[in-house]
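J.: prediction below, plus the sequence it came from.
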Amino acid sequence: MYSVELTNTENLVIDATQTDLLLAAGTAPTGTGTDVFLLMVEFFQEVNGVQYSMNNGSYNALSIVDVA
């Protein structure tokens with residue numbers, strides 16, 4: 001059995017501006033076992049005010065941040 005908890009999503013413009021982020025899960029995962037914390041970076045293209053996910057996904061990244 002597993003439990004998945006998601007944080008808030010933040011959209012940032014790609015420019016030279018440095019931005020601090022705070023990502024926090026609503027609740028802590030429940031149950032016993034190993035906790036795996038992941039971070040995903042996904043790129044979107046905005047056209048006429050609508051964001052579209054980049055189709056090929058070759059620049060998107062999913063990384064293991066911590067295992068507890």
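T.: Noted; the coordinates are in hand.
J.: and Met1, what pLDDT?
T.: At Met1, the model reports a pLDDT of 68.
J.: which strand or helix spans the residue nearest the centre of the chain?
T.: Per Cα atoms, centre = their mean, the C-alpha nearest to the average position across the chain is that of Met40, at 3.8 Å. Per DSSP states H and E, Met40 falls inside strand 36-41.
J.: by contact count, what packs against the next helix or strand along the chain from that strand?
T.: The C-terminal neighbour of strand 36-41 among helices and strands, as given by DSSP H and E, is strand 44-47. Applying 3 or more Cβ pairs under 8 Å, 6 or more residues apart in numbering; DSSP states H and E, one finds that strand 44-47 makes contact with strand 50-53. Placement of C-beta: from N, CA and C, glycine included.
J.: circling back: average pLDDT for the strand holding Met40, rounded please.
T.: Strand 36-41 comes out at a mean pLDDT of 87.
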